[in-house]
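Visitor: requesting a structural model of the entry that follows:
(one chain, ligands or ions: 3)
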Amino acid sequence: MMTTTQRTVQTTIQKSNAAGLGRILSAGTLWAWAGMSALLTFGGVVGCDSEPNGGLGPGAGDMPDAGAPDGAPAATHGCSDIFAAGVFPTFDITVSDADWAMMLEEHGARAGGGAADPAEETWRPAVFRYGTEEFPNASIRLKGSAWAWDKSKMHFVVAFHRAQPDDRFRGLRQIELDATPYDPSFLRNRLALSYLRDLGLPASCANSARININGVYYGLFTSIEAVDEQFVSRNFPDATGGDLWMHGWKPANLATARLDRRDQLFATVDVDGLDALADLDQAIAEWAAEAVIPQGDGYWGLGASYYLYDHPSRGFLFIPYNLAASFDWQPSNADPVMWTGSWAVGPTAQYLAVMADPGWRAKYVAAVEAATAAYDVMELRRRVDEWSAQISAAVVDDPRKPFSMDAHLQTVKRLRGFLMTRAAFLNSWAACMASGGKDGDNDGYPFCRDCDDGNQAAHPGATESCETPMIDDNCNGRRNEGCVEPPPLTISPLVQW
Ligand SMILES: [Ca+2]
Ligand SMILES: [Ca+2]
Ligand SMILES: [Ca+2]
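Guide: Ligands and ions are numbered 1, 2, ... in the order given. Model prediction:
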């Protein structure tokens, strides 16, 4: 049983970590976050400037079959067939008037920044239909954080197993339905997850789906495989007995409830210790893939949205999550090692420890290059073209999209152009790492080894100063470290970061 203080802290951290694009962390939240571990000092890497992305415009991809339940293309990576790329399902969900009214009230309170606790997960009964398949005992709840919501469109999780534990829909226990307002393309999450699965990483299956609520078209969503026991079974069929931790700290599936191991991970800042607790080769492969995309809300660079799976024999593995802030939401010259969001504390102490180790850093750079080689611009563009054509009519008809159709089309175009721009930058970055590159500020460090190549005073080995605004002068991943004392640590040891 959590105390009130523990619950408040958990809620604060969930707000900070969950899908919080556009979020602005208060100074107090930042201190709470940073102060949760003596390992983290205040600050972060100064982000690179964004640059415009050339757009070539969506192509005229073939319109795929709009998704009959039968005869549909096969899914890959062991995904449920409901997530096949060529399938575009319509899910009909029925909720009682009373439950719907309560969901609207809850959403209104959350989206208005009100008092409702986003950590509350109130499940309500629902009937779920797909074609002739009917689940009279399904459940539905609101998904996500109020930080990421607008007032027009709710996000949902649908569960099939809550009334009857063995019930599954096409092999699934749960589906997450996400339509974040900061992704007018409706495609970033889906595209990023497809890239990550192709790399062999444990990543959710996903496609797009229309949702009808009580017989009326509610809107277009990304339909995503939940990171739950079924996800573990698909990705680790011979090792299902580990714990899942949402955002690294929130129990998602306590098979063994090893809080001590989770806490130990976030208290460890030496690479040998980390390699003993986690599968560091898997970790750097996952971080590198996030860096290449780039994923602007993940573990890489931020320690924000992700899951940990405490694999019974391999130790902690990193699982990507919440990828709607990927690709063109970030600058195309985001540095694969040093980037962090300007709103964030910075990379985690564990990430920085790995990057500070020459051997592991070299392995990470090699992993970035491998992930770059798999960043197949033509194939990713083909998916953008095919999927944007697939969902186009559903975007037009979506009565709750908080942006115009023109904004949707422009974002698809920008995403398409970004893929080429990002690939070009990554190739120049790899060349720079291999044999040096442009030194924009003449501080002796080429752009790939300089945390701010527009500031001659900031470079590895520089003296950290206590200026305002705060700058990471010495390129160690922390702004103004050692300059100010954090407030006393008064939070529960339950939450470690
Ligand atoms: Ca430089
Ligand atoms: Ca510099
Ligand atoms: Ca610094």
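
Visitor: need the nearest residue in space to Gly444, chain neighbours excluded.
Guide: His459 (6.8 Å; CB to CB, 6 or more residues apart in numbering). To be clear about C-beta, it is placed using only N, CA and C from the backbone, and glycine gets the same treatment.

Visitor: close to ligand 1: what parts of the stretch 351-497 of the chain are there?
Guide: Residues of the stretch 351-497 of the chain lying close to ligand 1 (CB under 5 Å from the ion) are Asp439, Asp441, Asp443, Tyr445, Asp450, Asp453.

Visitor: my read: the third one touches Gly454, true?
Guide: What that stands for is Asp443. No - the pair Asp443 / Gly454 is not scored as a contact, 10.0 Å apart, by CB atoms under 8 Å.

Visitor: now the strands: where do they sit in the stretch 101-250 of the chain?
Guide: For the stretch 101-250 of the chain, the strands defined by DSSP state E, counting those that start in this stretch cover 124-130, 133-142, 156-159, 174-178, 206-213, 216-225, 244-246, 250-253.

Visitor: distance from the chain centre to the top helix by length along the chain, please.
Guide: For the chain, the longest helix by residue count, based on DSSP state H, is helix 405-435. In terms of CA atoms, centre = their mean, to the nearest Å, the centre of helix 405-435 is set 19 Å apart from its chain centre.

Visitor: also stretch 257-265?
Guide: Stretch 257-265 has its C-alpha centroid displaced from the chain centroid by 22 Å (CA atoms, centre = their mean).

Visitor: please identify the buried residues of it?
Guide: For stretch 257-265, burial by neighbour count (16 or more other CB atoms under 10 Å) applies to Leu259, Arg261, Arg262, Asp263, Leu265.

Visitor: can you tell me the SS state at whichever residue of the stretch 201-350 of the chain sits closest to ligand 3?
Guide: Nearest to ligand 3 in the stretch 201-350 of the chain, going by CB to the ion, is Gly346, at a distance of 9.1 Å. Following DSSP: H, G, I helix; E, B strand; the rest coil, the label given to Gly346 is coil.

Visitor: Asn480 is in contact with that one, correct?
Guide: No - using CB under 8 Å, Gly346 is not in contact with Asn480; the gap is 11.1 Å.

Visitor: the more surrounded of these two?
Guide: Each of Gly346 and Asn480 has its neighbours counted (other CB atoms under 10 Å); Gly346 has more, 27 against 19.

Visitor: at which residues are the strands of the stretch 301-450 of the chain located?
Guide: Going by DSSP E, counting those that start in this stretch, the stretch 301-450 of the chain shows strands at 306-311, 315-320.

Visitor: tell me what the last one is packed against?
Guide: Using 3 or more CB pairs under 8 Å, 6 or more residues apart in numbering; DSSP states H and E, the elements in contact with strand 315-320 are helix 188-198, helix 271-277, helix 280-292, strand 306-311.

Visitor: switch the cut-off to 7 Å
Guide: helix 280-292, strand 306-311 (3 or more CB pairs under 7 Å, 6 or more residues apart in numbering; DSSP states H and E).

Visitor: the first one too?
Guide: Contact analysis of strand 306-311 by 3+ CB pairs under 7 Å, 6+ apart lists strand 244-246, strand 315-320 as its packing neighbours.

Visitor: chain center to it: distance?
Guide: Worked out by CA atoms, centre = their mean, strand 306-311 lies 14 Å from the chain centre.

Visitor: before we move on, what about the last one?
Guide: Counting by CA atoms, centre = their mean, strand 315-320 is centred 13 Å from the centre of its parent chain.

Visitor: which residues are contacting it?
Guide: By CB atoms under 7 Å, 6 or more residues apart in numbering, the residues outside strand 315-320 that reach it are 196, 201-203, 227, 265, 277-279, 282-283, 286, 290, 295, 298-299, 306-311.
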